[in-house]
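In: Quick one: sequence plus predicted model below, questions after.
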Amino acid sequence: MSSKSRAVSAKGVSEFKLYITRAVPVNSIITCADNTGAKTLRVVNVTRYHGRLKRVPSSSVGDHVTVVVKRGPPELRKQTYGAVIIRQKYPVRRPSGQRVVFEDNAAVIITPEGDMKGTDIKGPVASEAAERWPRIANLATMIV
């Protein structure tokens, strides 16, 4: 399979992504929007980020990040997991010209295979994240 395929997989859709301002930098504390039991997460790494020297890696809606559970049950705390950012406070500009703003930065924890660890998502999911991650779109109650 070539690197330019548009195939849908559990790892997310690898296709052209519109520019979204990266508003969730490394070390930021975000809320966990699924029912795994975790309350807050700390972003420790942005997967597939190619930045500049001494620039802090940042992520935006739909990006895959590595997180550490800061608040939650003892079996989840201090563990690293993969996660997908589903909401960000900073405005996301759509091709139609409208801007979408959420009231918090939130992510959902995913397994290494790309499936969600939880079975429910609390709150809305940005359509940019739902397009890239079809498994998240299936569990989302509201896509904005």
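Out: Done, it's in. Numbering: from 1, shown residues only.
In: What is the neighbour count of the closest residue to residue 111 other than its chain neighbours?
Out: Computed as Cβ to Cβ, 6 or more residues apart in numbering, the closest residue to residue 111 that is not its neighbour in sequence is residue 117, at 5.8 Å. Where you see a C-beta, it was placed from the backbone N, CA and C, and this is true even at glycine. Residues within reach of residue 117, counting by other Cβ atoms under 10 Å, total 18.
In: Check residue 128 too.
Out: Residues near residue 128, counting by other Cβ under 10 Å: 23.
In: Please verify my assumption that it contacts residue 92.
Out: Yes. At 6.6 Å, residue 128 counts as touching residue 92 under the criterion of Cβ atoms under 8 Å.
In: Next, show the common contact partners of those two.
Out: 20, 61 (Cβ atoms under 8 Å, 6 or more residues apart in numbering).
In: Let me see the contact set for residue 103.
Out: With Cβ under 8 Å, 6+ apart, residue 103 has these contacts: residue 89.
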